[in-house]
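Student: For reference, the sequence and a predicted model appear below.
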Amino acid sequence: MKSMKGYVSKIRMLKMSKTPLVRFSLDNVNCLIAAHSLNFLADVDEGMQIVVAGEFNNRKQFVVKKYGVIGKSKIMIEFEKLIAYN
């Protein structure tokens with residue numbers, strides 16, 4: 001399994017199903033995530049730095065099996081804003 005670290009851009013939902021398929025770019029590398037894709041959408045926003053682990057497919061897309069957010073996740077930031085307003 002390979003790993004990469006970088007900044008997220010161009011988050012798009014490709015397929016809405018039981019396990020949604022999400023596409024994003026990580027420092028100009030096209031990535032796909034299906035496993036944990038809903039958690040990914042809740043945790044990651046464009047411009048955030050993350051670490052991903054997975055493999056390249058035959059189309060040179062990085063298929064993500066695991067990911068981790070460096071710093072605070074999107075849901076943590078939103079929760080802190082909610083607490084600050086109350």
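Tutor: Structure received. Residues are numbered from 1 along each chain as shown.
Student: Can you name the element that comes right after the strand or helix carrying residue 63?
Tutor: Element membership for residue 63 (DSSP states H and E) is strand 62-69. As assigned by DSSP H and E, the chain's next helix or strand after strand 62-69 is helix 74-85.
Student: Give me the mean pLDDT for that next one.
Tutor: If you average the pLDDT over helix 74-85, you get 86.
Student: pull the CA atoms of it into PDB?
Tutor: Output of helix 74-85 as PDB, limited to C-alpha atoms (Å, rounded to 0.1, in the frame of the first residue of the first chain):
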ATOM      1  CA  LYS A  74     -14.100  20.100   8.900                       C
ATOM      2  CA  ILE A  75     -16.600  18.700  11.400                       C
ATOM      3  CA  MET A  76     -14.400  19.700  14.300                       C
ATOM      4  CA  ILE A  77     -14.200  23.300  13.000                       C
ATOM      5  CA  GLU A  78     -17.900  23.500  12.500                       C
ATOM      6  CA  PHE A  79     -18.500  22.200  16.000                       C
ATOM      7  CA  GLU A  80     -16.200  24.800  17.500                       C
ATOM      8  CA  LYS A  81     -18.000  27.500  15.600                       C
ATOM      9  CA  LEU A  82     -21.300  26.300  17.000                       C
ATOM     10  CA  ILE A  83     -20.000  26.300  20.600                       C
ATOM     11  CA  ALA A  84     -18.500  29.700  20.100                       C
ATOM     12  CA  TYR A  85     -21.900  31.200  19.100                       C
END
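Student: tell me what that helix is packed against?
Tutor: Counting by 3 or more C-beta pairs under 8 Å, 6 or more residues apart in numbering; DSSP states H and E, the packing neighbours recorded for helix 74-85 are helix 37-43. C-betas here are computed from N, CA, C, even on glycine.
Student: Show me what counts as buried in the helix it packs on.
Tutor: With burial defined by 16 or more other C-beta atoms under 10 Å, the residues of helix 37-43 counted as buried are 37, 40, 41, 43.
Student: Stretch 13-23 now?
Tutor: Those would be 22, 23, for stretch 13-23 by 16+ other C-beta under 10 Å.
Student: What lies in contact with that stretch?
Tutor: By C-beta atoms under 8 Å, 6 or more residues apart in numbering, the residues outside stretch 13-23 that reach it are 10-12, 30-35, 37-38, 40-41.
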